[in-house]
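K.L.:
next one to model:
(one chain, ligands or ions: 1)
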Amino acid sequence: MSIQVLSRLSSVVQAATQKRGADISNRTFFIALCAAFIPYSAYVYTQGTEASHISPMTKEARQGLKLFQAHNCVACHQFYGLGGYMGPDLTNVISTKGAGYARAFLMSGTQRMPNFNLKESELDAMVAFLEFVDASGEYPIAEYEVDWYGTVVQKVVQKDE
Ligand code: HEC
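P.N.:
Numbers count the residues shown, from 1 in each chain. Okay, here's the model as predicted:
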């Protein structure tokens, strides 16, 4: 909105409030705004945080998350484009390259990726965690929509397993 439109709007509001006398004044307007703010806040803070398409994290995946943090994988890797940039993004490594492929990297490392000497159970946990992340969405986001509120929402593409 340009400045001219805003100043025109404010003079219209002023004229309207002056006509009705001092009762309907800036204060009434302010109180009305405060009143509108309450349901608005309630709406904003309760909407849009659910991710109903993601099933709860299993115990194994949770252990994988802990290992992921303990070994600081994010120093070199990204989820949804966020993280270090020495290695590739891991968001969809399971669905694009496969669990066996990811496991192989973790088992032996490469010249550029360290071998973390994970135990069998830890390898399983790490793969379970990567599977959990993979099921949460797609990166780069291929399909999205803008909801009525202006928020960009990723369209959930059901993967055939
Ligand atoms: C020092 C940096 C570094 C760390 C730390 C690291 N990685 Fe890597 N990772 C890489 C690099 C670089 C590659 C690419 C392989 C290559 O070119 O050698 C890679 C490849 C991978 C791949 C195969 C990805 C693909 O798309 O080909 C997976 C899976 C993986 N890493 C998982 C992990 C996990 C899980 C951890 C934590 C336990 C981890 N990495 C820690 C550097 C790292």
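K.L.:
do you know the pLDDT at Tyr85?
P.N.:
Tyr85 carries a pLDDT value of 96.
K.L.:
tell me which residues touch it, please.
P.N.:
Taking CB atoms under 8 Å, 6 or more residues apart in numbering, we find Tyr85 in contact with 76, 78. For the C-beta atoms, the positions are set from N, CA and C on the backbone; glycine is no exception.
K.L.:
could you report the distance from it to the ligand?
P.N.:
10 Å (CB to the nearest ligand atom, to the nearest Å).
K.L.:
repeat that for Leu9.
P.N.:
54 Å.
K.L.:
what's the burial count for that residue?
P.N.:
11 (other CB atoms under 10 Å).
K.L.:
also Gly83?
P.N.:
Quick note: Gly83 (other CB under 10 Å) scores 17 neighbours.
K.L.:
next one: it from Ala36, what distance?
P.N.:
Look at Gly83 and Ala36: by CB to CB, to the nearest Å, they are 40 Å apart.
K.L.:
with that, I have no additional questions.
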